[in-house]
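Student: make a model of this:
(chains A and B)
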Amino acid sequence: MDQALARAPLLAWLERHAPTVRELRRYARIFARSASSLLGLALVLAFLLVAAAGPFIVPYPEDARGAVHLDRKLQAPSAAHWFGTDEVGNDIYTRVILGARLSLWIGLLITLVGGLIGVPFGIVAGYVGGVVGDAIMRVTDVFLSVPALVLALAIVGALGPGIMNAIVALSLVWWPGYVRLVQGKTLSVKTQTFVEAARAVGTGRLRVVFVHILPNCLSPITVKASMDMGTAILAAAGLGFIGLGAQPPYPEWGAMISHGRNYLPTWWWYSAFPGLFIYLTVLGFNLLGDGLRDVLDPKSRGA
Amino acid sequence: MLGYVARRLALLGLMLFGLLCITFAISHVVPGDPARLAAGPDATASMVETVRAEYGLDQPLSVQFWRYVRGIASGDLGRSLRTRETVGSDLLRYFPNTFELVTGAMLIAVGLGVPLGILAAVHRDTWVDHLTRVVSVSGVAIPAFWLGLMLQLLLALDWGLLPLGGRLGLMQAPPAPITRLLVVDALLRGQWATVADAFAHALLPMVTLCFPALASIMRVNRAEMIETLRQDYIVNARAQGISDVRIVGRYALKNAMVPTLAMIGLRYGWMLGGTVLVETVFDWPGIGLYAVSSAVSSDFQPIMGVTLLLGLNFMLANFLVDLAYGWLDPRTREAGAA
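Tutor: Residues are numbered from 1 along each chain as shown, chains lettered A, B, ... in the order given. Take a look at the predicted model:
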């Protein structure tokens, strides 16, 4: 009796949204057809799980906060230390696992700020057009002309090294990609009949943008955001590797590789494992983005 | 075509001006005190004031900007605190090395990426296609600096096949400069041992650097090839009994190459960004390593110099791609006018 009551709203909801549910099922089917999309999803889920559960599953949580155990420094991978230990005896497995949460924050912040700056400018450039649109696009082109990492290097150079400054710098150079993407999409949506019809019946500009244009831009934005999570993590790791990103004792993957570099080739595990985790994470987000594109935005494949 | 070139050229000038605005903003507005930055981390308060007056940093921003642009137009990019040289002469010394590295890597990327893309398109959905897909996705996801380290670990340290880093072995005297490109100069001077040594040193960094570009060139070329092979004129050519090799090589490739070319231009710029990390790993004396060493020691003007140079490079590369585009596909000339 209770169960039936509890299920009723769900059933009613399912009935009401049957077309949506059918659509989602179709999406899931297309997505699941591709082995690489599923691999991407699995990698991303594993990464999120590790980022969430990190502090509870690592054997030596204090090792990510600058603990020193010189008695067990630079030990090879073993049952006690799966990925070995570093030069102050910290467990590398612990640091790599806890680094996932840091990387997740870095990726989220950069992608979010980049999108929040880029998407509105892209819509204005595409929808309003004219001199304003041209100006926005030219500024975007200029930003895109300098490699993001170099521009970020210049900005971090001005602000000084540190994880926050690295995130600020990368966010400042991340938005142009969104402007270009959204501007193009807005231009093509704008000329479609349903938008013209909406305008013809006197719909306000803001309403057209929020109800008609923006929802149609969401698919490519989602795809790009998924890819950017990976790319942003990679770029931040690059800054960490140079020594301008996260500073010790932060368990940041790029910085760990950079420190481990001094201990090659004998103590190879120091650099090898953090790099492997960067690779798997970025690979996951890229494959997921690829899979999402096949589902959400099949026409833009290969572009 | 001439009008098209002129329009592109005007756009190039405008972009360059925009780039100057950005570097000016970063160097004069972003940091709390540019005078302190220019004077270096150990400067005393009075030294900072001297620098402030010397650089005109007490003037209004518009005056400073004008000064800045004029300085750069006359080739004055400032002075490096670390090397004690002008940034201009440093860039002149290091850029040829970067140019060699990037060009070599791009040659590998195009040389492998285009044929592999064609192969994947022709053998679509077979194991060849899947394998190239794995390579292309990995190429973008793998951190270049880590890949470099692992290649060093394996090929240089464990197996001793290739040198670990640097531009030339200690035993090799660099050739007297003609073009400043080491390999070219060594060839011109007939120093064969130097050429071989330079190649050995260049191989790992080039391979490391080419990976992301190789991946996207392959991907774009594959997609375009598949699209092109579907066109009516290809079907028609097939019906006339023209061989597959001829169809792909002669009729399809030229059309498929147009978007690939754009990707090459775009990737060239990204590669210039990538050299920053790869040069750091391989101790390659180019502008990437120069920028990183400067950034780490808070030496600011060299970084701005490198930023400008890389931006200019990218713009020039795209300018050339635009021209090639206009030549390969006349329709884009009109599109550029709209």
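Student: give me the pLDDT value at A:Thr140.
Tutor: With respect to pLDDT, A:Thr140 scores 91.
Student: so who does it touch?
Tutor: A:121, A:125, A:176, A:179-180 (C-beta atoms under 8 Å, 6 or more residues apart in numbering or on different chains). (Glycine included, C-beta is placed from N, CA and C.)
Student: can you pick out the most distant pair from those?
Tutor: A:Ala125 and A:Pro176 (11.1 Å; C-beta to C-beta).
Student: the two: who's more crowded?
Tutor: Neighbour totals were compared for A:Ala125 and A:Pro176, and A:Ala125 leads with 26 against 23 (other C-beta atoms under 10 Å in any protein chain shown).
Student: quick check: the more buried one touching A:Val132?
Tutor: Yes - contact criterion C-beta atoms under 8 Å: A:Ala125 and A:Val132 qualify, at 7.3 Å.
Student: what's the closest non-adjacent residue to residue 284?
Tutor: No chain was given, so I picked chain A. In space, and not counting its chain neighbours, A:Gly284 is closest to A:Leu43: 2.8 Å by C-beta to C-beta, 6 or more residues apart in numbering or on different chains.
Student: switch to chain B, that's the one I care about
Tutor: Spatially, and ignoring its direct neighbours in sequence, B:Trp284 is nearest to B:Pro205 (5.5 Å; C-beta to C-beta, 6+ apart).
Student: where does whichever residue of the stretch 101-250 of chain B sits closest to chain A fall, secondary structure wise?
Tutor: Among all residues of the stretch 101-250 of chain B, B:Ala223 sits closest to chain A, at 2.6 Å; criterion: C-beta to the nearest C-beta. Element membership of B:Ala223 [criterion: DSSP states H and E] is helix B:192-229.
Student: quick check: next helix or strand after that helix?
Tutor: helix B:232-239.
Student: which residue packs closest to B:Gly165, ignoring adjacent ones?
Tutor: B:Gly165 sits nearest to B:Asp283 (C-beta to C-beta, 6+ apart), 3.8 Å away.
Student: does A:Tyr60 touch A:Asp91 like I think?
Tutor: Yes - under the criterion of C-beta under 8 Å, A:Tyr60 makes contact with A:Asp91 at 4.4 Å.
Student: between those two, which has more neighbouring residues?
Tutor: Applying other C-beta under 10 Å to A:Tyr60 and A:Asp91 shows that A:Asp91 carries more neighbours, namely 26 against 18.
Student: mind listing the helices for the stretch 101-250 of chain A?
Tutor: A:130-145, A:148-159, A:163-174, A:176-190, A:193-200, A:205-207, A:214-242 (DSSP state H, counting those that start in this stretch).
Student: give me whichever of those helices is most buried.
Tutor: Counting by mean count of other C-beta atoms under 10 Å in any protein chain shown, helix A:148-159 has the highest mean neighbour count of the helices of the stretch 101-250 of chain A, with a mean of 26.
Student: which regions of the stretch 51-200 of chain A sit below the pLDDT cut-off?
Tutor: Counting by pLDDT under 70, the stretch 51-200 of chain A contains no low-confidence range.
Student: give me that answer again for 80
Tutor: Flagging of the stretch 51-200 of chain A using pLDDT under 80 yields the residue ranges A:66, A:73-74.
Student: in it, what residue is nearest chain B?
Tutor: Chain B sits closest to A:Pro147 of the stretch 51-200 of chain A, with a gap of 2.4 Å, by C-beta to the nearest C-beta.
Student: what's A:His91 sitting at in phi/psi?
Tutor: Slight slip there: residue A:91 is Asp, not His. phi -70, psi 120 (degrees, to the nearest 10).
Student: would you mind measuring from it to A:Phe241?
Tutor: 21 Å (C-beta to C-beta, to the nearest Å).
Student: check A:Ser188 too.
Tutor: In terms of C-beta to C-beta, A:Ser188 sits 39 Å off from A:Phe241.
Student: and if you look at A:Thr111?
Tutor: A:Thr111 is 20 Å from A:Phe241, by C-beta to C-beta.
Student: got it, and A:Ala232?
Tutor: 15 Å.
Student: for the stretch 1-150 of chain B, what are the low-confidence residue spans?
Tutor: For the stretch 1-150 of chain B (pLDDT under 80), the answer is B:1, B:27-44, B:51-59, B:81.
Student: cutoff 70 now
Tutor: B:29-34, B:37-38, B:40-41.
Student: up against chain B, what does the stretch 201-303 of chain A have?
Tutor: A:230, A:234, A:237-238, A:241-244, A:254, A:257, A:261, A:264-265, A:268, A:271-272, A:274-275, A:278-279, A:282-283, A:286-287, A:290, A:301-303 (C-beta under 8 Å from any C-beta of the partner chain).
Student: which residues are contacting stretch A:186-206?
Tutor: Residues contacting stretch A:186-206 (C-beta under 8 Å, 6+ apart): A:122-123, A:125-127, A:129, A:207-208, A:211-213, A:216-217.
Student: my bad, should have said stretch B:184-196
Tutor: With C-beta under 8 Å, 6+ apart as the criterion, stretch B:184-196 contacts B:168, B:172-179, B:182-183, B:198.
Student: state the mean pLDDT of it.
Tutor: For stretch B:184-196, mean pLDDT rounds to 80.
Student: buried set for that stretch?
Tutor: For stretch B:184-196, the neighbour count (16 or more other C-beta atoms under 10 Å in any protein chain shown) marks B:184-187, B:191, B:194-195 as buried.
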